[in-house]
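Engineer: Just to be clear, the model below is a prediction. Sequence and coordinates:
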Amino acid sequence: MKPLRVLVLLHPDFMPPDSRAGFSEQEINVWKTEYDVVSTLRASGHEVRPLGVQYELKPIRDEIENWKPDVVFNLLEQFHGEPAYDQNVASYLELLRIPYTGCNPRGLILARGKDLAKKLLVYHRIPVPAFAVFPMNRKIKRPPRLQLPLIVKSVSEDASYGIAQASVVDTDEKLLERVRFVHKRVGTAAIAEQFIEGREIYVGVLGNGRLRVLPVWELQLDGLPEGASRIATEKVKHDLEYQERHGIVEGPAKNISPELRERINNMTKRICRTLELDGYARIDFRLSADNVPYFIEANPNPEIAKSEEFARAAAHDGLPYRALLNRLLALAINREKALE
Ligand SMILES: Nc1ncnc2c1ncn2[C@@H]1O[C@H](COP(=O)(O)OP(=O)(O)O)[C@@H](O)[C@H]1O
Ligand SMILES: [Mg+2]
């Protein structure tokens, strides 16, 4: 790919240093994605400017007008500290007519609501767990059709925020307690879903019209303590020491028959089309004991650090990190061209 000017939008707290030397693993973990993207794009020959963005759009516009980047690498996951505003940043870039990596604003909106995405997918007969939403300040009562055990989550937050072992509830009292916890501590409506006992499966996708589905990836949770639910809690996802202690590793999913793989691939593509996702995305499933892949959530613009599941699955599929980032830039530019 010819060298490009790449403006990298990121949260100012995650502005990466020029080198990792002298930082602890926990410290690096905070800005490793930003570091990986900026350093790898530079190593790939691009001219790269990272820009911290949190409360103001004007710096984005100024950089685009003055520096004239060819493309924006969008690593922003929030604006004003609000994750749901990620779509507004993508909209702004769209209106500025600058190519940007990752998902378009419509896909970001459709995928965000864990309830909305599931409602749309039911229409396309994708298996989804039964669920109910509990808005703030309303009576909390389990509809009789919804059987325990359930898992209670924020309807809109991600990164396992607010997810702990106590999120899985097997009585109405615990349900009430956990819904209140989500309302109070996370500050959003709660969704209670049928708890799918089984394996934790992630599937990466790349592309705009034509989609490339990456190998099925699995988060191994068998090392969790006896009696603990096999779920990706906050600790499982973010606590390096905890991951090591419980042997939490991820890798290509084993013992998936070719038929099941084909089914998961087709489902993944249908999900992306239904939710209008483009750029890159990761679809999360729970694979039940009888091998039914249940849709759990769609993550447009998933974590793209070199060591995390998406990039590892791409590398496993013959797309090493540098090539992957270049592919994301090319997808951004091609999408913009297709509009002209
Ligand atoms: N319906 C479900 N059945 C079983 N486990 C679930 C279910 N929903 C979520 N989980 C577990 O909780 C984790 C986080 O839920 P998810 O909906 O992906 O939220 P987040 O956006 O915070 O990642 C999942 O990775 C999975 O381990
Ligand atoms: Mg998730």
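Structural biologist: Sure thing, it's come through. For clarity, every value in this text was computed on a predicted model and none was experimentally measured. Ligands and ions are numbered 1, 2, ... in the order given.
Engineer: give me the number of residues near Gln327?
Structural biologist: Quick fix: residue 327 reads Arg, not Gln. Per other Cβ atoms under 10 Å, the neighbour tally for Arg327 reads 18. Where C-beta positions appear, they are placed from N, C-alpha and C, glycine not excepted.
Engineer: how about the residues of the chain near ligand 1?
Structural biologist: 114, 129, 151, 153, 157-161, 163, 193-196, 200, 231-232, 284, 286, 296-297 (Cβ under 6 Å from any ligand atom).
Engineer: Quick one: buried ones out of these?
Structural biologist: 114, 129, 151, 153, 157-158, 160-161, 163, 193-196, 200, 231-232, 284, 286, 296-297 (16 or more other Cβ atoms under 10 Å).
Engineer: Just the residues you listed: which are in strands?
Structural biologist: Within those, residues falling in strands by DSSP state E are 151, 153, 193-194, 200, 284, 286, 296-297.
Engineer: Let me see the ranges of the strands in the stretch 1-150 of the chain.
Structural biologist: 5-10, 47-52, 71-74, 131-134, 150-154 (DSSP state E, counting those that start in this stretch).
Engineer: helices or strands up against the third one?
Structural biologist: In terms of contact count using 3 or more Cβ pairs under 8 Å, 6 or more residues apart in numbering; DSSP states H and E, strand 71-74 is assigned the packing partners strand 5-10, helix 86-95, helix 321-339.
Engineer: again with the last one
Structural biologist: Of the remaining helices and strands, those touching strand 150-154 by 3+ Cβ pairs under 8 Å, 6+ apart are strand 168-169, helix 172-181, strand 190-194.
Engineer: Please state the mean pLDDT value computed over the second one.
Structural biologist: It refers to helix 172-181. The average pLDDT within helix 172-181 is 96.
Engineer: Determine how far the helix or strand hosting Glu241 lies from the middle of the whole chain.
Structural biologist: Assignment of secondary structure by DSSP states H and E places Glu241 within helix 240-245. Helix 240-245 sits 21 Å away from the centroid of its parent chain (Cα atoms, centre = their mean, to the nearest Å).
Engineer: Using PDB, list the CA coordinates for that helix.
Structural biologist: In PDB, the C-alpha atoms belonging to helix 240-245 read as follows (Å, rounded to 0.1, in the frame of the first residue of the first chain):
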ATOM      1  CA  LEU A 240      -4.100  -9.900  33.700                       C
ATOM      2  CA  GLU A 241      -3.200 -11.500  37.000                       C
ATOM      3  CA  TYR A 242      -6.600 -13.200  37.300                       C
ATOM      4  CA  GLN A 243      -6.300 -14.500  33.700                       C
ATOM      5  CA  GLU A 244      -3.000 -16.100  34.500                       C
ATOM      6  CA  ARG A 245      -4.200 -17.600  37.800                       C
END
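Engineer: which residues are contacting that helix?
Structural biologist: For helix 240-245, contacts defined as Cβ atoms under 8 Å, 6 or more residues apart in numbering pick out 25-26, 29, 235-236, 248-249.
Engineer: Can you say which of these are buried?
Structural biologist: Buried among the contacts of helix 240-245 by 16+ other Cβ under 10 Å: 235-236, 248.
Engineer: Spatially nearest residue to Leu70 (excluding sequence neighbours)?
Structural biologist: No, residue 70 isn't Leu; it's Asp. Excluding the flanking residues, the one nearest Asp70 by Cβ to Cβ, 6 or more residues apart in numbering is Leu4, at 4.2 Å.
Engineer: And for Pro16?
Structural biologist: Pro16 sits nearest to Tyr35 (Cβ to Cβ, 6+ apart), 3.7 Å away.
Engineer: Burial check on that neighbour, number of neighbours?
Structural biologist: The number of residues packed near Tyr35 is 22, by other Cβ under 10 Å.
Engineer: contacting residues for it?
Structural biologist: 16-17, 20, 28.
Engineer: Which of the ones in strands among the buried ones among the residues of the chain next to ligand 1 sits closest to Pro135?
Structural biologist: Lys153 (14.1 Å; Cβ to Cβ).
Engineer: In the stretch 1-150 of the chain, what residue lies closest to ligand 1?
Structural biologist: Proximity of the stretch 1-150 of the chain to ligand 1 (Cβ to the nearest ligand atom) peaks at Pro129, 4.0 Å away.
Engineer: pretty sure that residue is touching Gln194, no?
Structural biologist: Yes: taking contacts as Cβ atoms under 8 Å, Pro129 lies within contact range of Gln194: 4.0 Å.
Engineer: where in the stretch 201-340 of the chain is pLDDT low?
Structural biologist: Filtered on pLDDT under 70, the stretch 201-340 of the chain yields no residues whatsoever.
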